[in-house]
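Q: Give me the fold of what follows.
(one chain, ligands or ions: 2)
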Amino acid sequence: MSLLGRVDIDPEKLERATGLYRIIDEEGRVVGEFPDIGDEVLRDLLHYMIRARVLDEWLLRLQRMGKVAIHAPNKGQEAIVGAVYPLRPEDWVFPSYRDLGVYLVRGMTEEEILDRALYNRDDPLRGSDFAIYGHRKYNMIPTPVPVGNQIPHAVGAAYAMKYRGLDTITMVMFGDGATSRGDFHAGLNFAGVFKTPTVFVCENNQWAISVPLKRQTRAPTIAFRALSYGVDSIRVDGNDVVAMYKTAIDAITQARRGEPFFIEMVTYRLGSHTTADDPSRYRSEEEVKRMERYEPLRRLRKYMEEHGYLREGEYDEIYKMYYDHVEKAAREALEKPPLPEDVFFENVYGDKIWVLELEKEEFYESLGIMKELGLEVE
Ligand SMILES: Cc1ncc(C[n+]2csc(CCOP(=O)(O)OP(=O)(O)O)c2C)c(N)n1
Ligand SMILES: [Mg+2]
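A: Numbering: from 1, shown residues only. Ligands and ions are numbered 1, 2, ... in the order given. You can find the predicted model right below:
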């Protein structure tokens, strides 16, 4: 390439970054080339999505009962399970906070998720920030609270894997709002230049709390922004779990060869941002009603019923089975004693340091004063 010459962009890459890849449409009709994925995978994807939906409903219920501090509803985004499903257990996942399906596919159980949500004795993250999940046992990093911080973490970890000659990769999930953070740009640029084995999954659910996508960027698509960093990208119908699964297989294969890949998962958040949010303040009920038709479980169910993978009534039976399971798990998790009250001093530093010891003393002193004053501490 001459220094002053023009630069061409591969038109196929541009097409992928601005088109919309889909296989099953909102009515369950096949509109793309259906991959040879086998009955078992299809059923697994369905089960994971139902489990995520049921758990989401239970966490909302437990929050309304005053048992869970805060919950970020997942409804509408369950097809994310397709992205994680083809990963190997040795790969590392950097999930977002709206990713119950991701935690389940990685192997975290409903019981473990409930222990976390209720901060009971068995909470795997020992009382760290709320609405955040992760688990060392499943190579899953807890989501940082500052939006998008996990992006450079995932890129750095992937670079370390490459440096050590491992064939593992990292996958990172984040929202459309995170693409306005510097971390997105630093992460994408580093991944592009240093060819880190990373799969980026941007869950574009159209909203960042009350801020719509058009206020995040004037770029035509988020996948287009990734391409501008030299990272191959694709814009996918993120409510089509089969399209997500097929895309992830290709993306993971490419990342394992040492080239990053970016998936823009085009979806819609049907619920509130968190249980502390009232979406009627910033978006119309008509919009939500209109988008319900596109949600991922409805279309997979339709496809599977029409193609003989599910007999009549079977979907409801599967749903009930998981509903009962989570109800029992929730009752048991609520019975467990809480974490010890000084648990948040445990995981700040590896070693004991005097400042923390001092703070701990002061903490107990304040607890004593509160008790003396008759102020109940839960
Ligand atoms: C740096 C930073 N700014 C603001 C917040 C408050 N906040 C939490 S989630 C969120 C919106 C994120 O939107 P998006 O990235 O689209 O993810 P979504 O919640 O839609 O899945 C904001 C602004 C934060 N946690 N961190
Ligand atoms: Mg969003």
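Q: hmm, who's touching stretch 36-49?
A: In this structure, residues lying in contact with stretch 36-49 by Cβ atoms under 8 Å, 6 or more residues apart in numbering are 78-79, 81-82, 85, 101, 104-105, 241-242, 245-246, 296-297, 300-301, 304, 309-310, 318. Every C-beta, even on glycine, is put in place using the N, C-alpha and C of the backbone.
Q: 7 Å - rerun?
A: Outside of stretch 36-49, the residues within contact range by Cβ atoms under 7 Å, 6 or more residues apart in numbering are 78-79, 81-82, 85, 101, 104-105, 241, 245, 296-297, 300, 304, 309, 318.
Q: What segments of the stretch 151-300 of the chain are helices?
A: 182-194, 222-227, 241-256, 285-292, 296-306 (DSSP state H, counting those that start in this stretch).
Q: between these, which gets nearest to ligand 1?
A: helix 182-194 (8.7 Å; Cβ to the nearest ligand atom).
Q: Report the distance from the helix ranked longest in the chain to the chain centre.
A: In the chain, ranked by residue count with DSSP state H as the criterion, the top helix is helix 38-64. Taking Cα atoms, centre = their mean, to the nearest Å, the mean C-alpha location of helix 38-64 is offset from the chain mean by 13 Å.
Q: Start the count at 25 instead of 1 going forward.
A: New numbering, starting at 25: the last item is helix 62-88.
Q: Quick one: mean pLDDT for it?
A: Rounded to a whole number, the mean pLDDT of helix 62-88 is 97.
Q: Test for you: state the pLDDT assigned to the residue nearest the centre of the chain.
A: Centrality entry for the chain: nearest residue to the mean C-alpha point is residue 123, 3.1 Å, by Cα atoms, centre = their mean. At residue 123, the predicted lDDT confidence score is 98.
Q: surely it meets residue 196?
A: No: with contacts counted by Cβ atoms under 7 Å, residue 123 stays clear of residue 196, the gap being 10.8 Å.
Q: Show me what from this protein comes close to ligand 2.
A: Taking Cβ under 5 Å from the ion as the contact definition, the chain meets ligand 2 at 199-200, 229, 232.
Q: neighbouring contacts of the lowest-mean-pLDDT helix or strand in the chain?
A: Taking mean pLDDT, DSSP states H and E as the measure, helix 378-396 is the helix or strand of the chain with the lowest mean score, a mean of 91. Identification of contacts with helix 378-396 by Cβ under 7 Å, 6+ apart yields 366, 369, 372-373, 401.
Q: which one of those has the most neighbours?
A: Neighbour counts for these, by other Cβ atoms under 10 Å, peak at residue 369, which reaches 16 neighbours.
Q: residues near the nearest residue to it once chain neighbours are set aside, how many?
A: Closest residue to residue 369 in three dimensions, ignoring its sequence neighbours and counting by Cβ to Cβ, 6 or more residues apart in numbering: residue 384, at 5.0 Å. Here the number of neighbours of residue 384 (other Cβ under 10 Å) works out to 14.
Q: Please apply the same query to residue 336.
A: The number of residues near residue 336, taken as other Cβ under 10 Å, comes to 7.
Q: Find the nearest non-adjacent residue to it, please.
A: Setting aside the residues directly before and after it, residue 336 is nearest to residue 329 in space (Cβ to Cβ, 6+ apart), at 7.6 Å.
Q: Number of residues surrounding that neighbour?
A: Around residue 329 there are 15 other residues, counting by other Cβ under 10 Å.
Q: what do you get for residue 282?
A: For residue 282, the number of neighbouring residues by other Cβ under 10 Å comes to 14.
Q: gap between it and residue 184?
A: 14 Å (Cβ to Cβ, to the nearest Å).
Q: again, but for residue 55
A: Counting by Cβ to Cβ, the gap from residue 55 to residue 184 is 41 Å.
Q: Equivalent analysis for residue 134, please.
A: According to Cβ to Cβ, residue 134 stands 32 Å off from residue 184.
Q: How about residue 155?
A: Using Cβ to Cβ, one gets 28 Å for the distance from residue 155 to residue 184.
Q: which one of the two has more residues nearby?
A: residue 155 (20 against 13).
Q: Tell me who's in contact with the more buried one.
A: Applying Cβ under 7 Å, 6+ apart to residue 155 gives the contacts 94-96, 121, 298.
Q: Kindly report the residues of the stretch 75-224 of the chain close to ligand 1.
A: By Cβ under 6 Å from any ligand atom, the residues of the stretch 75-224 of the chain that approach ligand 1 are 120, 122, 169-171, 198-202.
Q: Farthest-apart pair in those, please.
A: For these, the maximum inter-member distance is 17.8 Å, found between 169 and 200 (Cβ to Cβ).
Q: Which pLDDT value does the model give residue 216?
A: We have a pLDDT of 98 for residue 216.
Q: now residue 368
A: Note for residue 368: predicted pLDDT of 80.
Q: In three-state terms, label the closest residue to it other than its chain neighbours for me.
A: Excluding the flanking residues, the one nearest residue 368 by Cβ to Cβ, 6+ apart is residue 151, at 5.5 Å. When the structure is split into helix, strand and coil by DSSP: H, G, I helix; E, B strand; the rest coil, residue 151 lands in coil.
Q: In the protein, where is pLDDT below threshold?
A: By pLDDT under 70, the low-scoring segments of the chain are 25, 401-402.
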